[in-house]
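Trainee: model the following, please.
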Amino acid sequence: MWSAVFRTDASAMIGIGHVVRCLTLANSLRERGAKVSFVCREHSGHLCELIEAQDFSVSRLPAPSRVTLAEGSLGHAAWLEGWLEDSEQTRTAVVALGEKPDWLVVDHYGLDQRWENAMRASVGRIMAIDDLADREHDCDLLLDQNLVARMYERYVGKVPTTCGLLLGPEYALLQPAYAELHDQIPPRKGPIRRILIFFSGADRDNWTGRTLSNFLQLNRPNIEVDVVIGTGGPHAESIRRQVAGHENIHLHSDLPTLAALMAAADLAIGAGGATSWERLCLGLPTLVITLADNQRPIAAELEKQSLIHWLGHHDVVSAAAVGKAIDEQIERGSDEEWSLRCFAAVDGRGVSRVCTSLIVKADAPLQARNARVEDEALLLTWANDPITRSNAFSSEPIPAATHRSWFHSRLGNPEGCRLYIVETSDCVALGQVRFERREQAWEIDYALAPAFRSRRLGRSLLETALQQLRLDLPGVLIFGRVKVGNRSSRRVFESLGFETRREDRSGAVEYCRAL
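Mentor: Take a look at the predicted model:
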């Protein structure tokens, strides 16, 4: 049995999102045979009992007794007494488990490369979950499930060159119910009959109550409203008084999932945190008020892509503007095209992709399929990865329009190009292998997805594609060109029986073999 340890926290200041998404991943890993445990600090508002209720062991660290911030401290260092003390306490907790975990997963804004480096000797590999890209990491895998401008440049120079990157909402850690409902719920259209209001468990400024007041002023008793709050929230009692006597207002708290309420709603009003991906997955149009600075770039990109209507940041948006936006949306009714755009942005299968990224091994069974039109964005992302570009003969980023023209021309020319996507048995894409006809031979180009670097998967990737090509085009001559300094690719070719044909003046080695 392999094992994983999660280091994450929750509190009235931190919120609950870090723990909730780690629990989602932990449950999925356990279903795949992993032994999973947690290390959490006992802040006020911690969720240790919730974690234990799901049958995970929790090593509890004491709440900070004092916080003295040193010069150069991280922006969220106040969540800890100090990274060094935290690493020592975490290392003690990990050693007490009695075995060296295969993976340490850290989801904490107050920890960075110093903490990760201090934990190196006590664990096999490290995965960091981040949303901010505001600090350096010493990790083997990094997950940032957010959609922001220039997303694929955010971690350049902030992670080791060997680090695998899981970037974007295709890796969003959503509970399994979201993937199931994603394929069942029709797009919203027609009149708005039900609204969901949820502003996270750390709604310190009571935007829940303010939004509810704005809705009540519209005098729409024919519209049902679900309001979600935390039982121990600072404004819970006042909100309970607010909804009293209104039969169309339904108050909920401490729900294990919001999936059912989101599925039933025609419109949501809420913050710009992790629930953004849940709402998109279920095709739910949303009016967003951002409550934290790190939510702003996400909301800006979602607004740019017409996936949300961003009303503004909490310190500038007015109650009147919120009421006006709700009224206008009710008058317009549900926008089917808006709902369809949301569905297309997130499919809810991110947790499966992340699990595969953690556990896949070189001997895992793989399969090759022909590339499809819908693979365009995925292939462009892989092609423009900074490390991929540095290993290419042309290091300049590829414009999207140039890539589209090239990609469509290859798909439409099976006699001159075979482009395969290599996947795991559960259809997680590991990389691409392309064979292009050059007179009497076929030239190879291949690339692993950034998430799977340093996992010894290059040989399996290329071998799987060669097996498929042998079925499609038996007996052809294959050759590939590799930069002299790209030792990993050279080893892959040599291990598969390719012979060195020549080394040219451009600094490339050419390998060849017959199928």
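Trainee: so after the helix or strand that contains L216, what's the next helix or strand?
Mentor: L216 is part of helix 207-217, with elements assigned from DSSP states H and E. Sequence-wise, the next helix or strand downstream of helix 207-217 (DSSP H and E) is strand 224-229.
Trainee: buried residues in that next one?
Mentor: Using 16 or more other CB atoms under 10 Å as the test for burial, strand 224-229 gives E224, V225, D226, V227, V228, I229. C-betas here are computed from N, CA, C, even on glycine.
Trainee: quick check, nearest of these to C355?
Mentor: V228 (27.8 Å; CB to CB).
Trainee: and for the residue nearest to that closest one when sequence neighbours are not counted, the neighbour number?
Mentor: Leaving aside its chain neighbours, V228 sits nearest to F198 (4.1 Å; criterion: CB to CB, 6 or more residues apart in numbering). A count of nearby residues for F198, using other CB atoms under 10 Å, gives 27.
Trainee: now swap in L141 and tell me
Mentor: Neighbours of L141 using other CB under 10 Å come to 26.
Trainee: residues in contact with V94?
Mentor: With contact set as CB atoms under 8 Å, 6 or more residues apart in numbering, V94 has these partners: V5, V39, S59, K100, P101, L104, M119, S122, V123.
Trainee: just to confirm, which helix or strand has the second one in it?
Mentor: Read that as V39. Following DSSP H and E, one finds V39 within strand 35-41.
Trainee: ok, that strand: who's next to it in the sheet?
Mentor: strand 3-8 (parallel), strand 57-61 (parallel) (DSSP bridges).
Trainee: what about the longest one, distance to the chain center?
Mentor: Yep, that's strand 3-8 we're talking about. 17 Å (CA atoms, centre = their mean, to the nearest Å).
Trainee: ok, and what's touching that strand?
Mentor: Contact with strand 3-8 is made by 18-19, 22, 25-26, 29, 34-40, 90, 94, 97, 99, 101-108, 111, 123, 358, as judged by CB under 8 Å, 6+ apart.
Trainee: ok, 7 Å please
Mentor: Strand 3-8 is contacted from outside by 18-19, 22, 26, 29, 34-40, 90, 94, 99, 101-108, using CB atoms under 7 Å, 6 or more residues apart in numbering.
Trainee: give me the buried subset of those.
Mentor: 18-19, 22, 26, 29, 34-40, 90, 94, 101-108.
Trainee: low-scoring stretches of the stretch 201-350 of the chain, by residue?
Mentor: Applying pLDDT under 70 to the stretch 201-350 of the chain flags the ranges 201-202.
Trainee: show me where it has strands.
Mentor: Counting by DSSP state E, counting those that start in this stretch, the stretch 201-350 of the chain has strands at residues 224-229, 249-253, 267-270, 286-290, 309-313.
Trainee: out of these, deepest packed?
Mentor: strand 267-270 (a mean of 26; mean count of other CB atoms under 10 Å).
Trainee: quick one: strands adjacent to that one?
Mentor: strand 194-198 (parallel), strand 286-290 (parallel).
Trainee: give me every residue that touches R455.
Mentor: By CB under 7 Å, 6+ apart, the neighbours of R455 are V360.
Trainee: rerun at 10 Å
Mentor: R125, D140, L141, T162, G164, S357, V360, K361, A362, A364, L430, L448 (CB atoms under 10 Å, 6 or more residues apart in numbering).
Trainee: cool, C342 as well?
Mentor: Contacts of C342 by CB under 10 Å, 6+ apart are 187-188, 276, 279-286, 302, 306-308.
Trainee: between those, which is nearest T424?
Mentor: Closest to T424, out of all of these and judged by CB to CB, is C281, at 21.7 Å.
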